[in-house]
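Enquirer: give the three-dimensional model of this entry:
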Amino acid sequence: MTTPVAFGRRHVLPVVTAFLATYPDIDVRMMMSDRNTHLLDEHIDLAVRIGRLPDSSLRATQVGTVSQVICGSARYFARHGVPQTLHDLTRLSCITFDSLSPTSSWLFADTDGKEQAVTVRSRLAVSTAEAAVDAAISGLGVTRVLSYQAMEAVKEGKLQVVLAAFQSNPVPVSLLYAYHDPLPLKIRSFLDFAVPRLREHAAMGGWDF
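Expert: Numbering: from 1, shown residues only. Here you go, the predicted model:
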């Protein structure tokens, strides 16, 4: 199976280890990557995907949602002020996570569902969310990441979420797998085991604010 790096380590790996303890005859190869792998071409049984899924012959079971959040350190906001409107972002230094959104602008949805692009100054563009979070903690500027990626730093008081009223609509977290009839027993067993546990964790606020 394949999962995004941070999400897989924090939220999927504990479920997988519990599954292996329950099913000693099944082995799991877990590949963590932030790129979307092709299940059929790369012989992957299951994938955890974050985001809206294109129409395809694959099956998907949604287990929760996450949101995009804007956050920065208290030290940075003490120097530059806490943004109150989306326009305030244009005067702040931003740390962009280039696999999540473009480095020159951030897209937001207004109350009518229309997209609004806000031009931002990317002082630093990085390829992982962990690097974006670390740079924001250091006081370089504000960043926009998925809620679960910033959750630990927010809970520890290292970052604070701003402009919460302008958060985009939550995006789904799904288990994706190829259609088989019947579904192989190992996949059916994992879905039956993992889906309720992941949904319970999501419902308890384990991924989103």
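
Enquirer: run a quick neighbour tally on Leu89.
Expert: 22 (other C-beta atoms under 10 Å). In this view, the C-beta of every residue, glycine as well, is placed from N, C-alpha and C.

Enquirer: what's the spacing between the closest residue to Pro4 other than its chain neighbours and Ala18?
Expert: Excluding the flanking residues, the one nearest Pro4 by C-beta to C-beta, 6 or more residues apart in numbering is Asp34, at 5.3 Å. As defined by C-beta to C-beta, to the nearest Å, Asp34 lies at a distance of 24 Å from Ala18.

Enquirer: show me where the chain has its strands.
Expert: Applying DSSP state E to the chain gives strands spanning 2-3, 31-32, 46-50, 59-66, 68-72, 93-97, 105-109, 115-119, 121-126, 142-146, 160-162, 171-177.

Enquirer: out of the ones you listed, the one nearest Pro24 is which?
Expert: Nearest to Pro24, of all the strands of the chain, is strand 46-50, at 19.3 Å by C-beta to C-beta.

Enquirer: contacts for that closest one, please.
Expert: 1-4, 7-8, 12, 36-37, 39, 60, 66, 146, 171-177, 187, 190-191 (C-beta atoms under 8 Å, 6 or more residues apart in numbering).

Enquirer: give me the distance between the two termini of stretch 197-209.
Expert: 19 Å (C-alpha to C-alpha, to the nearest Å).

Enquirer: buried stuff in it?
Expert: Under the neighbour-count criterion of 16 or more other C-beta atoms under 10 Å, stretch 197-209 has 198, 201-202, 207-208 buried.

Enquirer: and if you look at stretch 23-32?
Expert: Under 16+ other C-beta under 10 Å, the buried positions of stretch 23-32 are Met32.

Enquirer: ok, residues contacting stretch 70-78?
Expert: Residues contacting stretch 70-78 (C-beta under 8 Å, 6+ apart): 83, 89, 92, 136-145, 150, 153-154, 157-163, 166.
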